[in-house]
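Peer 1: starting from these lines, generate the structure:
(chains A, B, C and D)
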There are 2 protein chains.
Amino acid sequence: MSEKVTIYDIAEKLNITAATVSRALNNNPKIKEATRELVIKTAAAMNYKQNKLALALKSGRSNNIGVIVPRIDSNFFASVIRGIEEELYPHGYQVIICQTHESIKRENENLHTLVDAQVDGIMMSVTGISDENDSAFRNVLEKNVPLIFFDRSKHIDGVSSVTINDFKGGYLATKHLIDEGCRNIAHFSGDQSLDIFKNRFLGYKQALLDNGLPFNEEYVIFTKSSVDAGKDAVDKLLQLQTPPDAIFSSSDFAALGAIQELKERNISIPSEFCVAGFSNEPFTKFMELSITSVDQSPLEMGRMSARVFLEQVDKTDTIKIEKKVVLAPELHIRKSSTRTNF
Amino acid sequence: MSEKVTIYDIAEKLNITAATVSRALNNNPKIKEATRELVIKTAAAMNYKQNKLALALKSGRSNNIGVIVPRIDSNFFASVIRGIEEELYPHGYQVIICQTHESIKRENENLHTLVDAQVDGIMMSVTGISDENDSAFRNVLEKNVPLIFFDRSKHIDGVSSVTINDFKGGYLATKHLIDEGCRNIAHFSGDQSLDIFKNRFLGYKQALLDNGLPFNEEYVIFTKSSVDAGKDAVDKLLQLQTPPDAIFSSSDFAALGAIQELKERNISIPSEFCVAGFSNEPFTKFMELSITSVDQSPLEMGRMSARVFLEQVDKTDTIKIEKKVVLAPELHIRKSSTRTNF
DNA sequence: TACTTTCGTGTAATCGATTACATAAAACTT
DNA sequence: AAGTTTTATGTAATCGATTACACGAAAGTA
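Peer 2: Numbering: from 1, shown residues only, chains lettered A, B, ... in the order given. You can find the predicted model right below:
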């Protein structure tokens, strides 16, 4: 009962060859209509299921694509993956998930594993910039596996990417804080070897300069993306001679930590201090004191990455297209930065 | 440069056969040490990578496992998947993600697709109970693909599951509300054809009875797991002759909606009204008015599911073991239900 | 009727690995 | 030195599908 049925079993039963069965099932026009119907009926009766592995080996296409992210249990990455899966599902691709846990070594391993598993493409958000794993990337490209970066990308010739305009995101958030009357705006940044953090920072800086505010190096703090890191950063900022009156944080979690710490110190938000985050994590909207944040449209980012992959995979033989899609960030203004009584 | 290197290429270069190359690379003891070293060195020099598809076809094991969830962008499911991936990674398995979007038809398709893709096992959280897709499940079992349910499970002979004790979770939360002085406790339930909702409800009911409180059918509202559904439900409850003074919600989102609606009506929490949710979504902890919730230890659930799979996959030839792992829920008591001034 | 197309299937190679069986060479007996 | 065992490797089948090529039969043409 549980034996796997192959085209040979069907062939034997009908006294024909496996080749004919294969052709019949694939709607090859050379097969007589009567034969085709008989084969299809018999296949159904025997509960035949095509072995995708055999097909994959023969065709060289596994119909699997790999997705590498730092971790999956973050709303942003989960949403991107959701977008990828939704877009690829109708095309018959399966999505394989890998997590790096922010380790370059792991990223390396994942890249190799996916290539070895013969995936038809890889979409990833880079964990960090280092030349430690250049060879892993080179391996992917040499094997002609389409590679697409989303959000956190790396500059590699011939590799497409889907990102948001982080500069603009940083600019918008900072400009908003300025418009709300803040004059000493601090910034929580991340590892600036990653473009996303670099560009948010540059956007922040530009907004200050464009509005006649001085850029103060002391106001830029490098934090991890965590609540505690945000608390610590606020602690540092408040010890400055001129403490800031607002924070634009590259991380919603750090922004939340900042808010918690500020409240702890009885600094009232937004009247005395404004906060804006980045990523539009679900909780920013749910809080009673909802947090202003820059949305990165992760679902759209995932969908778009998948679409870029599909374009790429079709024109395998033509010249490699390097597509850089840049999505527009959207600032969601909420209570943490809205001085209604202004 | 980009050509794929096979064992035949290595064999040709060294004037030996592919069989010898294969044995050398697999540390077969019958191979002369000198030959082994030479093969390994040459393989490395030629940048040989084993084609996992060929291996999979030959061995009948793809080293892929499939995970089916309603959606991936929910902290609970994402965390379970994280647990699964982490536990399986050292064993060389890759994780394929499928989403049903709460559609039985999609669940069906996913099951078939995964089986056709020759996955070595399937872990899933059932989307709904219906006999529409019994055949899909039967197909999985007939093909001897290990199947493991987590969280939302279905009763099928020989299928293992990893769940939490939802009865206890419901009981704990309700008992806690009673202890805080609430006497008219309402309950937001879900589709009770799913055990998880049925059992949380039963736990709720039992806690009432054990504490001498009457069970009131009107206090049980069936809601979707969304903020808006929670608001609507509160609206209904407040129209009752004797409105409740607490809610135990099977969904954190509905609990949040309830809280928002109650605040809107100037009902103060927790002094006048207490709320407890289920799932311990990240935002419940982050809110200023943090929400009491039952934790389901999703990470542990994922890890455990993976472990059950690993046990199962090894003893393929022995009798099928049906393992039912039941994790203990943990109530996280927070502000939404703590009457400090009590 | 003899000759050319067309049609439908069969034969066998192929994808890239593993492995039971066969075998030649080397090593060990006595 | 002849016989036996061990060692290292080659031969060929196999996993389950697809497909170029071959070929007999049927159909069309003159």
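
Peer 1: CA only for contacts and neighbour counts going forward, please
Peer 2: Will do.

Peer 1: which stretches in the stretch 151-300 of chain A count as strands?
Peer 2: A:160-164, A:185-189, A:220-222, A:246-249, A:274-279, A:292-295 (DSSP state E, counting those that start in this stretch).

Peer 1: could I get the average pLDDT for the third one?
Peer 2: Per-region confidence: strand A:220-222 scores 97 on mean pLDDT.

Peer 1: by contact count, what packs against that strand?
Peer 2: strand A:185-189 (3 or more CA pairs under 8 Å, 6 or more residues apart in numbering or on different chains; DSSP states H and E).

Peer 1: returning to what we had before: nearest to A:Phe77, out of the strands of the stretch 151-300 of chain A?
Peer 2: In terms of CA to CA, the element of the strands of the stretch 151-300 of chain A nearest to A:Phe77 is strand A:274-279, at 10.5 Å.

Peer 1: what residues does chain A put near DNA strand C?
Peer 2: When proximity is defined by CA under 7 Å from any atom of the strand, chain A lies next to DNA strand C at A:15-20, A:29-36, A:54, A:57-58, A:60.

Peer 1: minimum distance to B:Gly121: which of the strands of the stretch 151-300 of chain A has it?
Peer 2: For B:Gly121, the closest of those is strand A:160-164, at 33.0 Å, according to CA to CA.

Peer 1: could you list the residues in contact with that closest one?
Peer 2: With contacts defined as CA atoms under 8 Å, 6 or more residues apart in numbering or on different chains, strand A:160-164 is touched by A:147-153, A:296, A:301, A:304-305, A:308, A:321-329.

Peer 1: what strands line up against that strand, and which way round?
Peer 2: Sheet pairing of strand A:160-164 (DSSP bridges) gives strand A:147-150 (parallel), strand A:324-327 (parallel).

Peer 1: can you check the pLDDT for A:Val313?
Peer 2: Predicted confidence (pLDDT) for A:Val313: 86.

Peer 1: spatially nearest residue to it (excluding sequence neighbours)?
Peer 2: A:Pro146 (6.9 Å; CA to CA, 6 or more residues apart in numbering or on different chains).

Peer 1: from A:Leu57, how far off is the one you found?
Peer 2: 18 Å (CA to CA, to the nearest Å).

Peer 1: how about A:Ala328?
Peer 2: The value you get for A:Ala328 to A:Leu57, if CA to CA is used, is 41 Å.

Peer 1: ok, the two, which is more surrounded?
Peer 2: With neighbours defined as other CA atoms under 10 Å in any protein chain shown, A:Ala328 and A:Leu57 compare such that A:Leu57 has more, 18 against 15.

Peer 1: off-centre distance for the helix or strand hosting that one?
Peer 2: For A:Leu57, the host element (DSSP states H and E) is helix A:52-59. Chain-centre distance of helix A:52-59: 29 Å, with CA atoms, centre = their mean, to the nearest Å.

Peer 1: so who does the nearest residue to A:Ser337 once chain neighbours are set aside touch?
Peer 2: Excluding the flanking residues, the one nearest A:Ser337 by CA to CA, 6+ apart is A:Cys274, at 4.5 Å. Residues near A:Cys274 by CA under 8 Å, 6+ apart: A:177, A:182, A:245-247, A:336-338.

Peer 1: if any of these are buried, put those into a PyMOL selection.
Peer 2: The buried residues among the contacts of A:Cys274 can be selected in PyMOL (16 or more other CA atoms under 10 Å in any protein chain shown) with this line:
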select buried, chain A and resi 177+182+245+246+247+336+337+338
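
Peer 1: any regions of chain A where pLDDT drops low?
Peer 2: By pLDDT under 70, the low-scoring segments of chain A are A:1-3, A:315-320, A:340-342.

Peer 1: just to revisit the earlier point, tell me which of the contacts of A:Cys274 is nearest to A:Asp134?
Peer 2: Checking those against A:Asp134 by CA to CA gives A:Ile247 as the nearest, at 35.7 Å.

Peer 1: hmm, A:Phe278 and that closest one touching each other?
Peer 2: No: in this structure, A:Ile247 is not within contact of A:Phe278 by CA atoms under 8 Å, at 11.2 Å.

Peer 1: let's verify A:Asn47: helix, strand, or coil?
Peer 2: coil (DSSP: H, G, I helix; E, B strand; the rest coil).

Peer 1: for it, phi and psi?
Peer 2: Dihedral pair for A:Asn47: phi 60, psi 40, per degrees, to the nearest 10.

Peer 1: quick one: contacts for it?
Peer 2: With contact taken as CA under 8 Å, 6+ apart, A:Asn47 is in contact with A:Val5.

Peer 1: before we move on, back to that, which of the contacts of A:Cys274 fall in helices?
Peer 2: Of the contacts of A:Cys274, the ones assigned to helices by DSSP state H are A:Leu177.

Peer 1: I'd like the contacts of A:Cys274 laid out as TSV, including distance to DNA strand D.
Peer 2: Shown next, in TSV, are the contacts of A:Cys274 (distance: CA to the nearest atom of the strand, whole Å):
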residue	distance to DNA strand D
A:Leu177	60
A:Cys182	65
A:Asp245	66
A:Ala246	62
A:Ile247	59
A:Ser336	58
A:Ser337	59
A:Thr338	61
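
Peer 1: closest to chain B out of the contacts of A:Cys274?
Peer 2: A:Ser336 (12.7 Å; CA to the nearest CA).

Peer 1: surely that closest one meets A:Ser290?
Peer 2: Yes: counting by CA under 8 Å, A:Ser290 is a contact partner of A:Ser336 at 5.9 Å.

Peer 1: ends of stretch A:45-52, how far apart?
Peer 2: Stretch A:45-52 stretches 20 Å from its first residue to its last (CA to CA).

Peer 1: also stretch A:90-100?
Peer 2: Terminal-residue distance, stretch A:90-100 (CA to CA): 28 Å.

Peer 1: what parts of chain A come near DNA strand D?
Peer 2: So chain A meets DNA strand D at A:4-8, A:18-20, A:22-23, A:25-26, A:49-51, A:54-55, A:57-59 (CA under 7 Å from any atom of the strand).

Peer 1: just those residues that are near chain B?
Peer 2: Of the residues in the residues of chain A next to DNA strand D, proximity to chain B by CA under 8 Å from any CA of the partner chain holds for A:4, A:49-51, A:54, A:57.
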